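> Got a sequence here, can you model it:
(chains A and B)
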Number of protein chains: 2
Amino acid sequence: MKALNETGPLTSKIKWLISATSSSWIEQAISNPIEVLIDHAHCERKAAGVALQMMFRYLCEPGLAEVLSPLVKEELEHFDRVLSILKSRGRYLEPLPSPPYAALLSKNIRKEEPSRMLDSFLVAGLIEARSHERMGLLSAHSPDQELKELYGDLLKSESRHFGLYWCLASERFEESLILSRLMELATIESNLLSVLHPMPRMHS
Amino acid sequence: MKALNETGPLTSKIKWLISATSSSWIEQAISNPIEVLIDHAHCERKAAGVALQMMFRYLCEPGLAEVLSPLVKEELEHFDRVLSILKSRGRYLEPLPSPPYAALLSKNIRKEEPSRMLDSFLVAGLIEARSHERMGLLSAHSPDQELKELYGDLLKSESRHFGLYWCLASERFEESLILSRLMELATIESNLLSVLHPMPRMHS
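Take a look at the predicted model:
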């Protein structure tokens, strides 16, 4: 898992998120802890799926599978942990309608290479950055001690994940190009969350 | 990883493979170790992809994600290990045309549920069982000490994988139904390998 630990200094200077999450999201989330937890399990498995799909798409690109394969495993470890808490509370995965956030953000991934690769890294990184920010809020504000600890623990690795996507991008693209595209996508990301979605979700 | 260790006794009685691999395959494989190794890396990532896809398809089926998520992680650990050996030999993942084996076998997965689920478990289990048999042959016959050890190590967990698919099936279907369908699919599997494919592959 070495690659997952090497992204701190490079990315701490980069501002991924344009705007901070509103207090109305925090209130909505901590009032609906189980629904957010089930949605969180879905987010972890989807993050694993996205990373695996990216690994398959760019199979012969040196240095990519070595980073994405450990990332998939770590997302699934988080999935396992969330599922285990759900089960301990007598619940399980349930089909939850997704909020429009991830699908609308992903629509901005350009179709032609190499833009497609850059956008894929940045969109995945933005979703990780937002998850990281929101897990931090849940860890700080949740009145449930077990969930507080869960989010606090996951937070530590989530913070490396968006750094990891930054590294994947910076190894392959010019910094000025990455930063200008990141600014465009981060603005879209921020706008998508500017109005609270009525369903309590990690990205409502 | 508890679930991955609990499949031995149940499945040692079940005959997955109808016919043994021919000596012509062994000769072809040990004469082309790097090509088989690259194909092997692809097999491990595809096995991870199949298990993750199955997990996504049957998300709300209790007891499934708990087994398939650790399986995906284990397949990716194998992928990482094979990739690392390839890199130490100055090679990387390369696009290799697949032999027709897995695609033709998977065509026999019926479209309607619950047959689709049963067939998905059995086809995945058959591919694991064949991989297990062939890794055993490579471990026994390879003149390359590092590859001999690699296949010997992977063998141990591969043997649990087909047992695991058997368990997933037997928790949900009648044993007589599983056995009769397994016999049909195992016959097809065996026929698919009855003539050696000209490309040196794990399933040529």
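> who's in contact with stretch A:117-131?
Here stretch A:117-131 makes contact (CB atoms under 8 Å, 6 or more residues apart in numbering or on different chains) with A:16-17, A:21, A:43, A:47, A:50-51, A:54, A:58, A:102, A:105-106, A:108-110, A:158, A:161-162, A:164-166, A:168-169, A:172-173, A:177-178, A:181-182, A:185-186, A:189, A:193, A:202-203. From N, CA and C alone the C-beta is placed, and that goes for glycine too.
> and if we set it to 6 Å?
A:16-17, A:50, A:54, A:105-106, A:109-110, A:158, A:161-162, A:165-166, A:168-169, A:173, A:182, A:185, A:189 (CB atoms under 6 Å, 6 or more residues apart in numbering or on different chains).
> now stretch A:139-151
The contact list for stretch A:139-151 (CB under 6 Å, 6+ apart) reads A:26, A:30, A:33, A:135, A:138, A:152, A:155.
> repeat for stretch A:90-108
With contact meaning CB under 6 Å, 6+ apart, stretch A:90-108 is reached by A:38-39, A:41, A:123, A:188-189, A:192, A:197, A:199, A:201, A:203-204, B:59-60, B:62.
> follow-up on the earlier one: rebuild the contacts of stretch A:139-151 as CSV, extending it with secondary structure, distance to chain B and pLDDT.
Below are the contacts of stretch A:139-151 laid out as CSV (DSSP: H, G, I helix; E, B strand; the rest coil; distance: CB to the nearest CB, whole Å; pLDDT from 0 to 100):
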residue, secondary structure, distance to chain B, pLDDT
A:Ile26, helix, 28, 95
A:Ile30, helix, 25, 95
A:Pro33, helix, 20, 95
A:Met135, helix, 20, 94
A:Leu138, helix, 22, 95
A:Gly152, helix, 22, 93
A:Leu155, helix, 21, 88
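> Just the buried ones from the residues you listed?
Among the contacts of stretch A:139-151, the ones that count as buried by 16 or more other CB atoms under 10 Å in any protein chain shown are A:26, A:30, A:33, A:135, A:138, A:155.
> in the helix or strand hosting A:Tyr151, what's buried?
Assigned by DSSP states H and E, A:Tyr151 belongs to helix A:145-170. Residues A:147, A:150-151, A:154-155, A:157-170 are the ones in helix A:145-170 that count as buried (16+ other CB under 10 Å).
> Stretch A:87-100 too?
Using 16+ other CB under 10 Å as the test for burial, stretch A:87-100 gives A:92-93, A:98-99.
> Just the endpoints, please. Distance across stretch A:167-176?
End-to-end distance for stretch A:167-176, by CA to CA, to the nearest Å: 14 Å.
> quick one: pLDDT of the residue positioned nearest the centre of chain A?
Closest to where the C-alpha atoms of chain A average out (CA atoms, centre = their mean) is A:Glu128, at 2.2 Å. The predicted structure scores A:Glu128 at 93 on the pLDDT scale.
> Against A:Phe79, how distant is it?
Distance of A:Glu128 to A:Phe79, computed by CB to CB, to the nearest Å: 15 Å.
> Which residue is the nearest non-sequential neighbour of A:Glu184?
A:Asn108 (8.0 Å; CB to CB, 6 or more residues apart in numbering or on different chains).
> Can you classify the one you found as helix, strand or coil?
Three-state assignment for A:Asn108 (DSSP: H, G, I helix; E, B strand; the rest coil): coil.
> measure it to chain B for me?
With distances taken as CB to the nearest CB, to the nearest Å, A:Asn108 is found 24 Å from chain B.
> Count the residues that sit near that residue.
15 (other CB atoms under 10 Å in any protein chain shown).
> Next, it: phi, psi?
A:Asn108 has phi and psi values of phi -80, psi 0 when expressed as degrees, to the nearest 10.
> re the thing from before, just give me the closest of the buried ones among the contacts of stretch A:139-151 to A:Glu66.
A:Leu155 (24.4 Å; CB to CB).
> isn't the closest one right up against A:Glu133?
No - in this structure A:Leu155 lies outside contact range of A:Glu133 using CB atoms under 6 Å: 9.5 Å.
> State the pLDDT value of A:Ala162.
Slight slip there: residue A:162 is Phe, not Ala. Looking at A:Phe162, its pLDDT reads 88.
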